[in-house]
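**Student:** Have a look; sequence and predicted model below, questions after that.
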Amino acid sequence: MKQEESVLKKCLKHLQSLPEVEATVKESQDLLEGSQNVDGLLTICSPKNSADYAYTIQLDVTSNTAKLVISYFKLLQEKLKHKLLLITRYLCDSAIEQLINENIEFIDSFGNIYINNPPIYILIRAKNRPKAKSLSSWQITPTTLKVIYILLKKPDILTFSFENLADAAETTLETIKYTLENLYKLGYLMRQPKGRYRIANYMKLFERWEIGYVETLRPKLLIGTFTPALGRTFSQMKESIIQLAKEDNLLIGGELGAELAMPYLIAKSSTLHVNDSYSRIAAKLKLKPSPQGEIIFLQQFGKQNYGSYNRLEPIADPLLIHAELLLDNDDRVRETAERFFNKFIQYTQQNDSV
C-alpha cells in the first residue's frame, strides 16, 4: 500500500534524525507468527540498548477514533511477544494525550514521537500540522463505508457482477465502480483479470471499516440515547427489548446482541438498529432520552444489517456488534469483543476466497 509505505518512511526519517538513535525495519511475517494485524518489526537502538517493536500502520487516527485504536492495541498486544508501536500519518493533541495516558507508543509522519521502553525514552511534540486531510480521509465517505461493509460481510461478492454489489449496497453501478477504483488506489483492493478486484488484506480493510464507522458513518446513523423510565433498570428491560425486536423491524446489537449471539457477557447496555419510527419503539419500551443512557438507537442502512447466528432473536451483524463493543474500554467488554471476533469474524477472514 503506497500511502502506508510513504508514512512509514517519513516516520523512520524522524526517528533516525535523532542523535545516537538507529532504526531498522524487518517486514518478515514469519517473525510475527503469521499475524495479519501487524506490518513488520522495528528495532530501535541507542548507545545503551536496543528495543524490538512490532508495528502496525493506521493512516488516520483522530481524537474520536483514538479510543478504538487503543482497544485494538490492547487486544493485539496480548498476543504478541514484542511491544507494539503505532505508525500513523498525523496525531492531534487530543489523540496524543489519549495514547500517552494508555502508554500506547507511536510515531507520526509529522514528527510526534513517544517511545517508552527503558533505557530508550523519547517524547517529541511536533509543531507541524497537516494543511489538508489525507487522501483516505477524503475518499472514505459514508457511501464508501457501506460498500466496504458489504465486501467484509460477503467477500465473494467480488467474484460476481458489479450489479450484485450495487444491489446489496443499495447504490448505483456508477458509484460502485468509482468506489472500487478508489479502494484500489488506497491499497485496500487488488486488480484481477477482466476488470475484477479482490480484497488485498481482509484485516486492513476490516480495521479501516471500524475506524470509518466510528468517525464517519455512526454519527450519521445515531438517532439518540435513552434510558428506561419509571425507575426500571436495564436488566429489567432485556426481555421486553428481545420480544419487541421479534415483533418489530429492529435488530439487537451492542452488548445485548453479543450476549444473545455468544453467551459470555452479561449485558449492561444495548444498541438497537431500527428501520421504522424510533419514537414508537421508545414509547413501547417506555424509554426517556438520556445522554448517558444504556440504550442507543441507530438507523439501519440498507437491508444487510442482520447477522446469521442460528438464533430466533433478530441480532445485528457481527461487523456492527464488534465495532460497538470496541467503543467501550471496559475490560469485560474488550475481552468479549476479542471472543466475538474469533468466533464470528475471523471465520469470514479465513474463508475469504476472493
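**Tutor:** Received it, and whenever you're ready, just let me know what you need.
**Student:** thought Val214 was touching Asp328?
**Tutor:** No: assessed by Cβ atoms under 8 Å, Val214 is found out of contact with Asp328, at 12.0 Å. Just so you know, the C-beta spots here come from the backbone N, C-alpha and C atoms, and that holds for glycine as well.
**Student:** what's the average pLDDT for whichever strand or helix holds Leu151?
**Tutor:** Assessed by DSSP states H and E, Leu151 sits inside helix 142-153. Mean pLDDT, computed over helix 142-153, is 95.
**Student:** Does anything pack onto it? Which helices or strands?
**Tutor:** helix 162-169, helix 173-185, helix 202-212, helix 318-325 (3 or more Cβ pairs under 8 Å, 6 or more residues apart in numbering; DSSP states H and E).
**Student:** Deepest-packed of these, please.
**Tutor:** For these, the largest average neighbour count (mean count of other Cβ atoms under 10 Å) is found in helix 318-325, namely a mean of 26.
**Student:** what's the angle from it to helix 142-153?
**Tutor:** Inter-element angle recorded for helix 318-325 and helix 142-153: 120 degrees (by axes from the mean of the first three to the mean of the last three Cα atoms, to 10 degrees).
**Student:** residues making contact with helix 318-325?
**Tutor:** Residues outside helix 318-325 that contact it (Cβ atoms under 8 Å, 6 or more residues apart in numbering) are 68, 149, 152-153, 206, 209-210, 213-214, 218, 253-255, 257-258, 261, 271, 273, 296, 305, 307, 315, 333-334, 336-337, 340-341, 344-345.
**Student:** same check, this time on stretch 225-244
**Tutor:** Contacts for stretch 225-244 (Cβ under 8 Å, 6+ apart): 250, 252, 256, 260, 267-270, 272, 281-282, 284-297, 313.
**Student:** 6 Å instead, please
**Tutor:** With contact meaning Cβ atoms under 6 Å, 6 or more residues apart in numbering, stretch 225-244 is reached by 282, 284-290, 293-296, 313.
**Student:** tell me how far it is from the chain's mean position?
**Tutor:** Mean-position distance between stretch 225-244 and its chain equals 28 Å (Cα atoms, centre = their mean, to the nearest Å).
**Student:** And that stretch, what's buried?
**Tutor:** Buried residues in stretch 225-244, counted by 16 or more other Cβ atoms under 10 Å: Thr225, Phe226, Thr227, Pro228, Phe234, Met237, Lys238, Ile241, Ile242, Leu244.
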